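Trainee: Generate a structure from the sequence data that follows.
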Amino acid sequence: MIWEYRLPDFSDDGYGKAVHHLFDVYERTSKRKLIPGEQGRVGLKVYSASGLGLSTPKALVLAVIQELEARKFSRKDIFIIDEAAYNLRRSGFLPELSQGGDTFKGVKVYALDQNRYWDDDWFYTSSIPSRSAISEFFVRGVFNREASERSYLPVPLILDADFWINLPMVTSHETIGVCGAMANATIFNISNNKRFIENRVHASVAIAEIAAIPEFQETWVFTLMTLERYQFIGGFMFNFRYTQTEPFLWLSTNANAMDYLMFQRINKARAQERLRIFKNPPDFFEYAKSLDIGDYEDVRVVSL
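Mentor: Now for the predicted structure:
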């Protein structure tokens, strides 16, 4: 089931009311309270790879922070996390270097590429080497197979949080198909990920298998996806000309189904612009379904 809330606008107040309502519905239907547990911390996985134009709206992030505060989390117990410090900075989640600091509205911001949030015991293994490893082999004759095959997992989301919320944005991508909820939670949440992004088959396998890791499933509580803006061509490079907007905020534990609905929207928008459509859905839809982490076809959108 996907819960859908129609936003009156994309303001702080508009998102605030929507998040409040969706959190309440989730707690009533799931019988799970979004309150501090053993760790007393909660993580917010944002998307910032496309820069300010297509990053997770700060109004949405602030609304989630305020709703968590209403449930007894203090701002020091909440953290924002994403792949790269550069992207977090140009999207407004980190201050300018000249200003210093690493917080957003009093909430700590973690950049995974600072290499402080990995652990040698927590990794996803794939035999696909990275381009950097191949280049190093040809230039220096050195090939570290173990390092090349490992992608480290974000320890703060697995071990240091009671739960974490996925806050993706959506764009089409020629390799992945749709870069949205599933990709944001998985391959944009690990080290050494470019080897997957560049290969359609391996990207789909990695997305599904990482999402199925039990420790991920235990703490990944749901995905909160805004349709304030999504891009239907151009990959990670933001291009306002090829974006659409709808006044909806979605909440679901089935990220796979959310991506499938967005894949259909992307193809529809491309067809309207007389652009080439994706003839085949991304393989990760079926892979994730086979791993029992999201039936993308048997889904119902419930308007609130």
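Trainee: can you pull out the helices in this structure?
Mentor: For the chain, the helices defined by DSSP state H cover 12-30, 58-69, 85-90, 131-140, 145-149, 155-158, 181-185, 194-197, 200-211, 214-219, 255-272, 284-290.
Trainee: how about CSV for the ones you listed, with mean pLDDT, mean neighbour count and distance to residue 300 added?
Mentor: (Glycine included, C-beta is placed from N, CA and C.) Conversion of the helices of the chain to CSV gives the following (pLDDT from 0 to 100; neighbours: other CB atoms under 10 Å; distance: least, CB to CB, whole Å):
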stretch, mean pLDDT, mean neighbour count, distance to residue 300
helix 12-30, 98, 17, 13
helix 58-69, 98, 20, 24
helix 85-90, 96, 19, 34
helix 131-140, 48, 12, 42
helix 145-149, 62, 14, 40
helix 155-158, 95, 20, 28
helix 181-185, 97, 29, 17
helix 194-197, 84, 20, 31
helix 200-211, 91, 22, 21
helix 214-219, 93, 13, 22
helix 255-272, 97, 21, 9
helix 284-290, 96, 21, 16
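Trainee: which stretch among those comes nearest residue 165?
Mentor: For those, proximity to residue 165 was assessed by CB to CB; helix 58-69 is nearest, at 6.4 Å.
Trainee: Looking at the helices of the chain, which is nearest to residue 232?
Mentor: helix 255-272 (4.0 Å).
Trainee: Could you pull up the residues touching residue 217?
Mentor: By CB atoms under 8 Å, 6 or more residues apart in numbering, the residues touching residue 217 are 211, 293.
Trainee: Check residue 84 too.
Mentor: Residue 84 neighbours (CB under 8 Å, 6+ apart): 48, 49, 111, 112, 113.
Trainee: tell me which of those residues is nearest to residue 158?
Mentor: Using CB to CB, the contacts of residue 84 come closest to residue 158 at residue 112, 12.8 Å.
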